[in-house]
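Trainee: what's the 3D shape of this:
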Amino acid sequence: MNYSVKDKFYQYILGLQDTITTALEAMDGKAKFQEDIWKRPEGGGGRTRVIENGAVFEKGGVNISGVHGELPESMQNYFGVKDANFFACGLSLVLHPKNPMVPTVHANWRYFEMYNQDGNIVDQWFGGGQDLTPYYLFNEDAIHFHTTCKTACDKHHADFYKIYKEKCDTYFWNAHRNEARGIGGLFFDYCKATDNMNMDEWYNFTTEVGNSFLESYVPIVKKRKDLPFTEAQRTWQEIRRGRYVEFNLVHDKGTLFGLKTNGRIESILMSLPPHVQWVYNHDPEAGSEEEKLISILQNPVNWI
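Mentor: Numbering: from 1, shown residues only. Below you'll find the predicted structure:
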């Protein structure tokens, strides 16, 4: 049964990658995803798809991977195990739009198994989520994104949205800046079998959230992608992208896991935007839309 969960989820992310990349290409109308099939020497591999220099998306990636082998010593220490092997698969995406009125988005849905030397599963869990990083804040976009997340959660448990929204606000926090990376969404991890939820039910929840992604994001992009913007607004977008880079390289567990397990560097760092600025001691003008965004990022709000 446990291996069927693994196989079923891997087949799911293969199909979801096709669904998402097809929809994004249609919306961009100019650029196409480039596909890169890669193998990991220690076991497994993945299918990376990257879009660049499009009409809508300046850079983005929708990647899947399924890797396995001996769990590196650093990760064994992290999990408090010895002589363990692992299997991990998931879909991870990041989209950096060209227009600063369109938010960056990140999403990830994953499954993990850990084995002893006899090949028996000693631990397994699902994780994932999706979060929005705007450069200019439109309240109706934030409400739409969070409402879509809540709708997916409510089909499985009345408390899931509240719990995983709070976890998202906590996780995507740039502690060294004392601000959130964005306006949040969902973040769930280590979702294991309990008396209340078995692994098949966690599979159903995780895929429900995955299936909701396009509905959470595409309507926002369509509404904002043709809005006019200035060079000053573009500069602000690049400064805020710098904060995005800082989070991914300093705090993000997924990035660190990939680097410590000899993951494919190009796929792991696909999340980094193509044009970024770090401006010394930059503060937005008082009363500006930029300052409004910062005030929200410093004090996460309940959007619905």
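
Trainee: now do the strands in the stretch 101-250 of the chain.
Mentor: Assignment of strands within the stretch 101-250 of the chain using DSSP state E, counting those that start in this stretch yields the ranges 104-115, 121-133, 173-174, 179-180, 184-191.

Trainee: distance check, the residue nearest to residue 149 when sequence neighbours are not counted against residue 231.
Mentor: Closest residue in space to residue 149, ignoring its immediate chain neighbours: residue 186 at 5.0 Å, by Cβ to Cβ, 6 or more residues apart in numbering. Bear in mind the C-beta positions are built from the backbone N, C-alpha and C, glycine included. With the distance defined as Cβ to Cβ, to the nearest Å, residue 186 ends up 34 Å from residue 231.

Trainee: which non-adjacent residue is nearest residue 19?
Mentor: For residue 19, ignoring the flanking residues on the chain, the nearest one in space by Cβ to Cβ, 6+ apart is residue 214 at 7.4 Å.

Trainee: what's near enough to touch the one you found?
Mentor: Applying Cβ atoms under 8 Å, 6 or more residues apart in numbering, one finds that residue 214 lies in contact with 19, 20, 23.

Trainee: okay, it: pLDDT?
Mentor: In this prediction, residue 214 carries a pLDDT score of 98.

Trainee: for it, give its distance to residue 23.
Mentor: In this view, residue 214 and residue 23 are 5 Å apart by Cβ to Cβ.

Trainee: also residue 249?
Mentor: Using Cβ to Cβ, residue 249 is found at 29 Å from residue 23.

Trainee: for residue 114, same thing?
Mentor: Distance, residue 114 to residue 23, by Cβ to Cβ: 34 Å.

Trainee: okay, those two: which has more neighbours?
Mentor: The residue with the greater number of neighbours, taking residue 114 and residue 23 and applying other Cβ atoms under 10 Å, is residue 114; the counts read 19 against 14.

Trainee: ok now the host helix or strand of residue 290, how far from the chain's centre?
Mentor: Residue 290 is located in helix 289-298, with elements delineated by DSSP states H and E. Distance of helix 289-298 from its chain centroid, counting by Cα atoms, centre = their mean, to the nearest Å, is 22 Å.

Trainee: that one - contacts with which helices or strands?
Mentor: Applying 3 or more Cβ pairs under 8 Å, 6 or more residues apart in numbering; DSSP states H and E, one finds that helix 289-298 contacts strand 179-180.

Trainee: can you give me the buried ones in the top helix by length along the chain?
Mentor: Using DSSP state H to assign secondary structure, the helix with the most residues in the chain is helix 2-28. Neighbour-count burial for helix 2-28 flags 5-6, 9-10, 12-13, 16-17, 20-21, 24-25, 27-28 (criterion: 16 or more other Cβ atoms under 10 Å).

Trainee: with stretch 154-167 instead?
Mentor: Buried positions in stretch 154-167, judged by neighbour count with 16+ other Cβ under 10 Å: 156, 160, 161, 164, 165, 167.

Trainee: the fifth one: what's it in contact with?
Mentor: Pointing back at residue 165 there. When contacts are counted by Cβ under 8 Å, 6+ apart, residue 165 is found next to 146, 149, 150, 184, 185, 186, 302.

Trainee: the same query, at a cut-off of 7 Å, please.
Mentor: With contacts defined as Cβ atoms under 7 Å, 6 or more residues apart in numbering, the neighbours of residue 165 are 184, 186.

Trainee: can you check the first one too?
Mentor: Taking Cβ under 7 Å, 6+ apart as the definition of contact, the neighbours of residue 156 are 204, 205, 208.
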